[in-house]
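Undergrad: this is a predicted model, with the sequence first.
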Amino acid sequence: MSILINRNTKVLVQGITGRDGQFHTQRMINLGTKILAGVTPGKGGQKIKFPNSEPVPVFNSIYEAKKYFEFDASVVFVPATFATDAIYEAIDENISLIVVITEGIPVHDMIKINAYLKNKKSKLLGPNCPGILVPEEVKIGIIPHEYFKRGIIGVVSRSGTLTYEISYYISQTKYGISTIVGIGGDPIKGMDFVDILKLFNKDEETKVIVIIGEIGGLDEEEAAKFVKRNIKKPVFGFIAGKTAPPEKRMGHAGAIIEQGRGTAQSKIEAFISAGIEVFEEPQEIINLLEKINL
Amino acid sequence: MSILINRNTKVLVQGITGRDGQFHTQRMINLGTKILAGVTPGKGGQKIKFPNSEPVPVFNSIYEAKKYFEFDASVVFVPATFATDAIYEAIDENISLIVVITEGIPVHDMIKINAYLKNKKSKLLGPNCPGILVPEEVKIGIIPHEYFKRGIIGVVSRSGTLTYEISYYISQTKYGISTIVGIGGDPIKGMDFVDILKLFNKDEETKVIVIIGEIGGLDEEEAAKFVKRNIKKPVFGFIAGKTAPPEKRMGHAGAIIEQGRGTAQSKIEAFISAGIEVFEEPQEIINLLEKINL
Amino acid sequence: MKLFEYQAKEIFRKFNILTPKEKLANNEYEAIIFAKEIGFPCIFKAQVLVGGRGKAGGIKRIENEEEAKRFAKEMFLLKIKDIPVEKLLISSFVDIKKELYLSITIDRQEKIPIIIASKEGGIEIEELAKERPETILKINIDPLLGFKNYQGRNLCLELFGDLSLVNQFNELLQKLTTIFFLYELQLVEINPLALTKDNNFCAIDAKIIIDDNSLFRHPEFKNYVTQEIKNKIEEEAKSLGFSYIKLEGKVGCIVNGAGLAMATLDLIKKYGENPANFLDIGGSTNKERIEKALKLLIQDKDIKVILVNIFGGITRCDDVAYGLLSVIKEINIPIVARLIGTNQDKAYEILKDTNIILIDNMKEAIKKAVEIAVKS
Amino acid sequence: MKLFEYQAKEIFRKFNILTPKEKLANNEYEAIIFAKEIGFPCIFKAQVLVGGRGKAGGIKRIENEEEAKRFAKEMFLLKIKDIPVEKLLISSFVDIKKELYLSITIDRQEKIPIIIASKEGGIEIEELAKERPETILKINIDPLLGFKNYQGRNLCLELFGDLSLVNQFNELLQKLTTIFFLYELQLVEINPLALTKDNNFCAIDAKIIIDDNSLFRHPEFKNYVTQEIKNKIEEEAKSLGFSYIKLEGKVGCIVNGAGLAMATLDLIKKYGENPANFLDIGGSTNKERIEKALKLLIQDKDIKVILVNIFGGITRCDDVAYGLLSVIKEINIPIVARLIGTNQDKAYEILKDTNIILIDNMKEAIKKAVEIAVKS
């Protein structure tokens, strides 16, 4: 079993007619994701043709789309200026899982969305995240699925390409990957490391967990606490940003050492004290995995 | 067993130094209510002496009071201009039951408070309500306890003196009263009829339920639906305001027939169709109760 | 507190919601001058705070100066549901493509604000709700988050079938929601909301009701005129802090508590008379308030008997008795008093030598009062 | 975006938060005139966007005209952490009874705004957090409901022991919260917040950081000057939409993705050199952007080698290769390129006859780049 999604997950694409939305919809379909419909306000009524697939209908609103389909998840490719509204629409329409790819959503919007989510059924992944990939089965988002092999390692990460890099090495081992989850690079996001760790912990397919963290915030420290208390499976950890200067945003809005907090050092120490084996180079994960016996 | 409170309930009085707060604190103590402390910002540090009781300490904030005591409930006598803030303070300090006597709280405050309560542990009774009385045991609020006998009838009502009137007749029967709950006369309030009916339905002491409604809103109609579906105990109902002209507030902010909705007729019909026996005069309840065999 | 149309529209204009060009006339001469300024055709609208103004002749389309003169005179002499017309709003004629209904109010059951909209404007919403309920659309507004644009899109799709008007429609909804929350309204209503020939939304009419309980936060409304208080007794009752409503019968009532007061009125009716008023003197009352309540009631010349119904809890019966005692000589109509509860015995002692008819039982007291009224 | 002290204080004054009397001087002559206007003693405060301004001589108390002349000259010649002082804020002297710390920021872990306050003002909060963490008070602000007065009371009790200052303190907190939400801030800080001799709160210093992502909703800040962009390359990178940070080493880097870029820098350091920059060219990049990234980097004369590290997912390696190819002649420093993923083979084919050093493996590529830089 994968976590969060599987081949039966019925997916809606918000912002399907945009360049990125359309491109990645095609790629999701290629892997086998069930894309039932898309929404772009003002462009409803058309159908988008994708090779090797039924045409995907576009609606003006989720409300309209729901007259024809049920959805388990939506993926948001809407530009930052409109993404917050799209997220509220998905929450209010009771979409269970909302994956937000969009980068640049204001922080105040995210704190309000998180407060609003407290008595709602929806789970939010992202924003500014690459989404979820279950190798060789299904994906929601933009993770380049061609490079990853299915298996037993769960990967959770705050970044995109670094995750691909490390997952690429994992895929070269005999183990392969159960699910990759990118929680996103923003300071305020929906699901955190701990939320995903809980799922990996319960998932029977996942035997080993790899956490890919980076500077900024205390999410890795919280993850470490959770691992220490709750997780019996082997956990490996990587932290990016050891050389990052303070008070500078390292590409990700959330990757910043503020007021002396959120350093790589602090996170590495937290990992080590939680029994998480830390590796310093992406490639090292191969050796670490080869040493364990499952 | 009573509902909501009992003799062990530990009570905080918000606005204890005011005229009403002090007067009713004395009366609550007289019946046996455990009043542990009071709060009036700016008047902290003093102790108020009440005959036949330990002096009650006054604090500047619930936060301070909680350093010395634990509370199960608070009762709010704070004037309308400051009551909203007092309610938020009680919610944020995790007081389980908040009974608001104050009349005149703005409607917009109440809709925000209700939204805020959705992911909080507190239950709100009122505002503009007389509170809860468990005859011969305990009360929170202002119900004149001297006139009521303990027994097996649960009474829930939107008004004050009308409730006393009817409960006074009930107390003249052999049955007596398990708990009286006044949910308050405002259009937007905390707990509704249905919330209280659920508690009476589960309460073993309560064998019969009396609902005292009035014009305005659809709370009686909702109550009727709930009774029809869920309640096996005998239920009697009274509706005040049959002669009320439309679009006039009959004393209570919530007692108003608006746009043709909330008439006594509609409520009486709802009661009858739910199998609730409706009585037209307070005194009639005596005969009705004498007819039933328990 | 209900605002007049012209007051509500002043608020609309402050928030750049389009309204017709308008001027407020205080007399017929102003009306004629303003009509010429605004140009013909224009609309004369009587400023009264009751419904059914149109049917009562309170709205007239004015084609020329002659008509302006005639109707300016006529309309200032008009009474609508007993209320004299004291102000006329002179409003420019708007070329309308479509009339809609739009309002924001509070859903009591859900405890949240809702937007109500309909393709069918110009009809009273109560009527529409009865006749074509399927045309009424409702949208929940989160009380903490406010209106969201996607909700406006959904509404727009339902009302117009497409999104071509969505920007101006959402802008209007944003403004209305802002007004609703800022002034803590019970209702803001635009009926009809016009879609003009050039695709703008224009508020042809406007209704705003402010929650009285929130007025302490809105001193800007302190000096707003209102017509809600119809007569001197109601005005005086309000200034005394009593909850008083004038009714049409002969039995004057003084009761403590709104629920008990309503039940008392219901029983008066049941036993064959009509109550003259609703009067709740409140919870913790004293001698002086009873005196004032009595003095208030005797101003109503329709009253043939006064019924005092008190369940003494916080209210003490002896206080009430002293109040009755002190004004008894000024009152030359019969008083039936039923006092029960706190210090009941003292009260009966105080009143035993007066001509006040003392009856313990609520039902019997009411029957007695009705009997006196019927005979009178 | 960080605002200058004088800009932040303009916002404060707009919301009637008390500040010292102040004037902004653009040169030494203005400084002298304004000092005389404001009167002595006054304070000269260098307007720079870096911390530790006081220790670097950027804040001076001026006792008389003579001192004003001397320090006006001196301070405009000052550089604070390499940043020249271009503006001086001339600030009236405030008679202070007590110095406090007050700020509102966002708690990343709790995902809510928090008020941070301390009796100990004037010290940097990081230092205070280390030295006397027990003096730091925190209060959660509900993101949808905002600040509540009782929270201010609680804070007041902790800070002052009683509620004698609660009204002015709550008013200040209300205003700060309004500013925080209205301008969508990451931080608003008053340090020190002075309690004056006449019991008013006065913002002696002011710091405001606006969330860059929200700037599209705040055109009012569009033309605000900022000093955050230190040099031409950073400015150009920003205009190209690259995430670029100048560092102190010799190995120039072009990477797709922030995490991979950080990991690349970490490995350069691990293998014995320092990276010259952080440069994330983003996800779906094309030939032109690679060209621009290369042209940008070669402006940095410290760079001795360029390392290109691409994990091709959405980014296509052949696009990158074409980008490299088109500017290769303009670059006279060695390039080490590691291209893996989408269209990797095509990329290698494109670049095979160039002098770009192609290495498949990330670790080996980094080692090679470091080796070149060390030798240079």
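TA: It's in.
Undergrad: how about the secondary structure of residue A:109?
TA: helix (DSSP: H, G, I helix; E, B strand; the rest coil).
Undergrad: that one: what's it in contact with?
TA: By C-beta atoms under 8 Å, 6 or more residues apart in numbering or on different chains, the contact set of residue A:109 is A:84, D:214. (C-beta placed from N, C-alpha, C; glycine too.)
Undergrad: what pLDDT is listed against it?
TA: pLDDT for residue A:109: 98.
Undergrad: contact residues of the stretch 101-250 of chain A facing chain B?
TA: By C-beta under 8 Å from any C-beta of the partner chain, the residues of the stretch 101-250 of chain A that approach chain B are A:118-119.
Undergrad: could you pull out the helices for the stretch 101-250 of chain A?
TA: For the stretch 101-250 of chain A, applying DSSP state H, counting those that start in this stretch gives helices covering A:107-117, A:161-170, A:193-202, A:219-230.
Undergrad: residue A:7 - how many residues pack around it?
TA: In terms of burial, residue A:7 registers 12 neighbours under the definition other C-beta atoms under 10 Å in any protein chain shown.
Undergrad: same check, this time on the one 5 residues further on
TA: Burial measure for residue A:12: 27 neighbouring residues, criterion other C-beta under 10 Å.
Undergrad: ok, the helix or strand where it lies: who's next to it in the sheet?
TA: Assigned by DSSP states H and E, residue A:12 belongs to strand A:10-14. In the sheet containing strand A:10-14, its partner strands are strand A:34-39 (parallel), strand A:73-76 (parallel), by DSSP bridges.
Undergrad: most neighbours per residue, which of the helices of the stretch 101-250 of chain A?
TA: Burial of the helices of the stretch 101-250 of chain A is given as mean neighbour count (mean count of other C-beta atoms under 10 Å in any protein chain shown); helix A:161-170 ranks first at a mean of 27.
Undergrad: what's the mean pLDDT across it?
TA: For helix A:161-170, the mean per-residue pLDDT is 96.
Undergrad: for it, packing partners?
TA: On a contact count with 3 or more C-beta pairs under 8 Å, 6 or more residues apart in numbering or on different chains; DSSP states H and E, helix A:161-170 meets strand A:150-157, strand A:177-182, strand A:208-214, strand A:235-240, helix A:284-291, helix D:258-270, strand D:305-312.
Undergrad: which neighbouring elements make contact with the fourth one?
TA: Packing contacts for strand A:235-240, counted by 3+ C-beta pairs under 8 Å, 6+ apart, involve helix A:161-170, strand A:208-214, helix A:219-230, helix A:264-273, strand A:277-278, helix A:284-291, helix D:258-270.
Undergrad: so residue A:213 sits against residue A:223, correct?
TA: Yes - here residue A:213 reaches residue A:223: they are 7.3 Å apart, a contact under C-beta atoms under 8 Å.
Undergrad: touching both of these two, which residues are there?
TA: Residues touching both residue A:213 and residue A:223 (C-beta under 8 Å, 6+ apart) are residue A:193.
Undergrad: state the mean pLDDT of stretch C:64-75.
TA: In the prediction, stretch C:64-75 has an average pLDDT of 95.
Undergrad: ok, the residue of the stretch 201-350 of chain C found nearest chain D - how many residues close by?
TA: Nearest residue of the stretch 201-350 of chain C to chain D (C-beta to the nearest C-beta) works out as residue C:217 at 13.3 Å. Neighbours of residue C:217 under the rule other C-beta under 10 Å: 15.
Undergrad: so for it, what's the pLDDT?
TA: Here, the pLDDT recorded for residue C:217 equals 95.
Undergrad: cool, and residue C:45?
TA: For residue C:45, the pLDDT comes out at 97.
Undergrad: on that earlier part again, now render the helices and strands packed on strand A:235-240 as a markdown table, adding distance to residue B:207.
TA: Formatted as a markdown table, the helices and strands packed on strand A:235-240 follow (distance: least, C-beta to C-beta, whole Å):
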| stretch | distance to residue B:207 |
| --- | --- |
| helix A:161-170 | 64 |
| strand A:208-214 | 57 |
| helix A:219-230 | 48 |
| helix A:264-273 | 59 |
| strand A:277-278 | 65 |
| helix A:284-291 | 68 |
| helix D:258-270 | 67 |
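Undergrad: from chain D, how far out is residue C:373?
TA: 52 Å (C-beta to the nearest C-beta, to the nearest Å).
Undergrad: does the strand or helix carrying that residue come close to chain B?
TA: Residue C:373 is part of helix C:362-375, with elements assigned from DSSP H and E. Yes - under the criterion of C-beta under 8 Å from any C-beta, helix C:362-375 makes contact with chain B via C:362-363.
Undergrad: now that helix: buried residues?
TA: Buried residues in helix C:362-375, counted by 16 or more other C-beta atoms under 10 Å in any protein chain shown: C:362-363, C:365-370, C:372-373.
Undergrad: the spatially closest residue to residue A:258 that is not a sequence neighbour: neighbour count?
TA: Leaving out its chain neighbours, the residue that sits closest to residue A:258 by C-beta to C-beta, 6 or more residues apart in numbering or on different chains is residue A:247, at 6.7 Å. Residues lying near residue A:247 (other C-beta under 10 Å) number 13.
Undergrad: isn't residue A:247 right up against residue A:261?
TA: No - with contact defined as C-beta under 8 Å, residue A:247 does not reach residue A:261; the gap is 11.2 Å.
Undergrad: what bridges to the residue lying closest to residue C:1 once chain neighbours are set aside?
TA: Residue nearest to residue C:1 in three dimensions, not counting chain neighbours: residue C:210, with 4.7 Å by C-beta to C-beta, 6+ apart. Judged by DSSP bridges, the bridge partners of residue C:210 are residue C:185.
Undergrad: surely residue C:210 and residue C:187 touch.
TA: No - counting by C-beta under 8 Å, residue C:210 stays clear of residue C:187, with 9.0 Å between them.
Undergrad: most tightly surrounded among the strands paired with strand A:10-14?
TA: Comparing the strands paired with strand A:10-14 by mean count of other C-beta under 10 Å gives strand A:73-76 as most buried, with a mean of 28.
Undergrad: can you name the element that comes right after it?
TA: Scanning forward in sequence from strand A:73-76 by DSSP H and E, the next helix or strand is helix A:80-92.
Undergrad: and the next helix-or-strand element following that following helix, how far from the chain's centre?
TA: Note on helix A:80-92: by DSSP H and E, the next helix or strand toward the C-terminus is strand A:97-100. Centre-to-centre, strand A:97-100 and its host chain are 9 Å apart (C-alpha atoms, centre = their mean, to the nearest Å).
Undergrad: strand partners of strand A:97-100, parallel vs antiparallel please.
TA: Assessed with DSSP bridges, strand A:97-100 is paired to strand A:73-76 (parallel), strand A:123-125 (parallel).
Undergrad: can you say which of those is nearest to residue B:29?
TA: Of all these, strand A:123-125 sits nearest to residue B:29, with 49.4 Å by C-beta to C-beta.
Undergrad: what comes into contact with the closest one?
TA: A:4, A:87, A:91, A:96-100, A:113-114, A:117, A:131-132, A:181-184, A:189-191, A:195.
Undergrad: buried among those? Make that a ChimeraX selection.
TA: Buried residues within the contacts of strand A:123-125, by 16+ other C-beta under 10 Å, are selected in ChimeraX with:
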select /A:4,87,91,97,98,99,100,113,114,117,131,132,181,182,183,184,189,190,191,195
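Undergrad: skipping adjacent residues, who's closest to residue 200 in space?
TA: Going with chain A. Residue A:200 sits nearest to residue A:154 (C-beta to C-beta, 6+ apart), 3.9 Å away.
Undergrad: think we crossed wires, I meant chain C
TA: residue C:18 (5.6 Å).
Undergrad: so that neighbour touches residue C:201, yeah?
TA: Yes - using C-beta under 8 Å, residue C:18 is in contact with residue C:201, at 6.4 Å.
Undergrad: domain-wise, how is the chain divided?
TA: Just going to use chain A. With domains defined by automatic domain parsing, chain A comprises A:10-125, A:148-291.
Undergrad: switch to chain C, please.
TA: For chain C, automatic domain parsing gives the domain ranges C:21-92, C:96-221, C:232-375.
Undergrad: among those domains, which is nearest residue D:57?
TA: Closest to residue D:57 of the domains of chain C is domain C:96-221 (C-beta to C-beta; 48.3 Å).
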